[in-house]
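**Student:** Can you look at this prediction? I've put the sequence above it.
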Amino acid sequence: MDNRKIGVFDSGLGGLTAVKEIMNLFPNESIVYFGDTGRVPYGTRSKETIVKYTHDDINFLLSQDVKMIIIACGTASSAALPDIKGEYGVPIYGVVDAGAYEASRVTKNNKIGIIGTTATIKSGAYEKYIAEYNPDAQTFKKACPLFVPLVENGHFDTPVTKLVIEEYLKDIREAGVDTLILGCTHYPLLKKAIAEYMGDSVKLVSPGEEVAKFLRKKITPENAHSEVCDEDRYSYFVSDSVESFEELGSIFLETKINGKVNKIDIEKY
């Protein structure tokens with residue numbers, strides 16, 4: 001048995017959508033989450049900066065004695081993970097592969113939409129994996145840089161959010177996709193508004209949810225927790241305001257996290 005924690009990080013709050021799924025699937029596991037709220041968003045940064053931030057975040061989680069790390073950030077998974085894989089002594093998994101696999105599996109007309117941060121879309125990572133899983137698939141992509149700040153400020157289903165969704169997704173909807181990858185773990189918080197705009201015939205794929213399912217193959221009796229733990233098994237760290245993270249984070253997780261969040265200086269790592 002391995003009672004060390006699972007480490008998860010994201011540029012801000014979005015990775016909590018993945019944490020929520022991991023909690024549901026693996027109730028015995030302990031989790032340490034880092035949200036880099038002081039440097040959000042990652043999606044508008046250069047690749048070099050994203051790689052640096054990813055190293056910082058991984059180094060912090062390693063200081064917490066984790067047994068594996070989930071990069072619950074589409075930007076870091078697509079722009080940084082290929083460069084840093086193999087540099088660390090614990091398994092590191094991203095959200096891109098899992099999301100691409102699910103989209104390739106569920107599409108009926110082989111038309112898949114991809115939305116994400118500017119860096120994620122520029123990386124071409126989703127297209128690469130989709131081509132491997134489904135060579136017949138066509139992909140239609142769009143960078144949606146305003147989605148992350150909308151989510152980070154609690155605009156999940158407001159009139160301004162709906163206007164931005166229409167602006168970004170009009171061409172993808174007109175292309176006739178039947179599957180849409182929400183290629184940033186912030187985006188599931190906009191799922192209701194996106195689904196309303198895209199219509200009932202379009203399947204929305206949340207990579208954070210899919211990477212949690214992927215862990216079923218990686219968490220075995222040998223590396224699982226040996227017994228049920230109490231609520232203290234979850235810890236949260238941020239690089240900026242604790243208060244705003246507690247407030248919005250509770251919405252992401254659908255459970256209160258008051259008093260369980262600590263601020264750190266990520267530049268030290």
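**Tutor:** Structure's in. What do you need?
**Student:** all strands of the stretch 1-150 of the chain, in order?
**Tutor:** Secondary structure of the stretch 1-150 of the chain by DSSP state E, counting those that start in this stretch: the strands cover 5-10, 31-35, 66-71, 92-94, 111-116, 138-143.
**Student:** who does the fourth one touch, helix- and strand-wise?
**Tutor:** Translated: strand 92-94. Here strand 92-94 touches strand 66-71, helix 74-79, helix 81-84, helix 207-214, going by 3 or more Cβ pairs under 8 Å, 6 or more residues apart in numbering; DSSP states H and E. C-beta here means a position set from N, CA and C on the backbone, and glycine is covered the same way.
**Student:** hang on, the earlier thing: I'd like the strands of the stretch 1-150 of the chain written out as JSON lines, with mean pLDDT added.
**Tutor:** As requested, the strands of the stretch 1-150 of the chain are exported to JSON lines (pLDDT from 0 to 100):
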{"stretch": "strand 5-10", "mean pLDDT": "96"}
{"stretch": "strand 31-35", "mean pLDDT": "96"}
{"stretch": "strand 66-71", "mean pLDDT": "96"}
{"stretch": "strand 92-94", "mean pLDDT": "95"}
{"stretch": "strand 111-116", "mean pLDDT": "98"}
{"stretch": "strand 138-143", "mean pLDDT": "98"}
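**Student:** Please name whichever of these is nearest to residue 102.
**Tutor:** strand 111-116 (10.4 Å; Cβ to Cβ).
**Student:** So residue 262 belongs to a strand, correct?
**Tutor:** Yes - counting by DSSP: H, G, I helix; E, B strand; the rest coil, residue 262 is part of a strand.
**Student:** For the helices and strands packed on strand 92-94, state which one has the densest average packing.
**Tutor:** helix 74-79 (a mean of 32; mean count of other Cβ atoms under 10 Å).
**Student:** The helices and strands packed on strand 92-94 into a markdown table, with extra columns for distance to residue 163?
**Tutor:** As requested, these are arranged in a markdown table below (distance: least, Cβ to Cβ, whole Å):
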| stretch | distance to residue 163 |
| --- | --- |
| strand 66-71 | 31 |
| helix 74-79 | 23 |
| helix 81-84 | 33 |
| helix 207-214 | 25 |
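**Student:** Residue 264 against residue 60, yeah?
**Tutor:** Yes - contact criterion Cβ atoms under 8 Å: residue 264 and residue 60 qualify, at 6.8 Å.
**Student:** which residues are in contact with both of these two?
**Tutor:** Shared contacts of residue 264 and residue 60 (Cβ atoms under 8 Å, 6 or more residues apart in numbering): 34, 237.
**Student:** Show me which of these two is the more surrounded one.
**Tutor:** Just comparing residue 264 and residue 60: by other Cβ atoms under 10 Å the higher neighbour count belongs to residue 60, 22 against 15.
**Student:** so what pLDDT did the closest residue to that one other than its chain neighbours get?
**Tutor:** In space, and not counting its chain neighbours, residue 60 is closest to residue 269: 4.4 Å by Cβ to Cβ, 6 or more residues apart in numbering. At residue 269, the model reports a pLDDT of 94.
**Student:** Same question for residue 233.
**Tutor:** pLDDT, residue 233: 85.
**Student:** Work out the gap between whichever strand or helix holds residue 204 and the centre of the chain.
**Tutor:** Secondary structure assignment for residue 204, by DSSP states H and E: strand 203-205. Here strand 203-205 is found 15 Å from its chain centre; the criterion is Cα atoms, centre = their mean, to the nearest Å.
**Student:** cool, stretch 73-85 as well?
**Tutor:** Relative to its parent chain, stretch 73-85 has a centroid offset of 11 Å by Cα atoms, centre = their mean.
**Student:** Endpoint to endpoint, it covers what distance?
**Tutor:** Stretch 73-85 has an end-to-end distance of 15 Å (Cα to Cα, to the nearest Å).
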